[in-house]
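In: Using only what follows, build the 3D model:
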Amino acid sequence: MEYQVPQFIEVEDKIVGPLTLKQFIYIAGASGICIIFFFYLQMLFAILLSLPVVAFAAALAFYKVNGKPFVEVIEAGFNYYTGAKLFLWKHRESTIPEQKSAAAAAKAEAAAPVPRGTPKLTRGKLSELAWSLDVKAMGNNSNTPTP
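Out: So this is what the prediction gives:
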């Protein structure tokens with residue numbers, strides 16, 4: 001039994017002429033607000049108030065930022081400014097006892113005897129070792145069974 005699978009599910013259907021339902025609602029709402037302005041205000045004030053409303057409605061209906069609709073960008077910005085922020089690091093001035101303890105720890109580490117013949121592990125050697133382990137681990141993950 002065969003079933004037809006929709007191919008373009010992320011494309012909205014054009015409901016009203018060349019406009020989707022959302023676009024039509026944004027444009028119709030802005031038109032209604034502008035009509036109210038023109039009925040109840042003088043012509044100059046109506047035009048001055050209608051321009052930002054029309055621009056905002058056009059941006060909501062047609063403008064996309066990085067492939068996302070403008071309404072989602074507005075929502076994300078609103079959630080960012082009203083939401084709680086997480087600060088992972090706050091700088092604070094160190095006190096005298098903390099400085100003394102840090103200096104004492106550094107002296108103790110420097111004075112600790114290193115056994116003879118112990119290799120020094122530098123950042124370059126450490127990254128080489130990590131790279132070789134990653135490469136060898138990838139090579140062992142093949143689908144062929146090992147005896």
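In: residue boundaries of the strands in this protein?
Out: With strands called from DSSP state E, the chain shows them at 64-65, 68-69.
In: want to throw those into JSON lines with mean pLDDT?
Out: Shown next, in JSON lines, are those (pLDDT from 0 to 100):
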{"stretch": "strand 64-65", "mean pLDDT": "92"}
{"stretch": "strand 68-69", "mean pLDDT": "91"}
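In: Out of these, flag the one nearest Met1.
Out: strand 68-69 (37.5 Å; CB to CB). All C-beta atoms are positioned from the backbone trio N, CA, C, and that covers glycine.
In: Now do that closest one: distance to the chain's middle.
Out: In terms of CA atoms, centre = their mean, to the nearest Å, the centre of strand 68-69 is found 13 Å from the chain centre.
In: helices and strands around it, which ones?
Out: Helices and strands touching strand 68-69, by 3 or more CB pairs under 8 Å, 6 or more residues apart in numbering; DSSP states H and E: there are none.
In: measure Ala103 to Glu93 for me?
Out: 16 Å (CB to CB, to the nearest Å).
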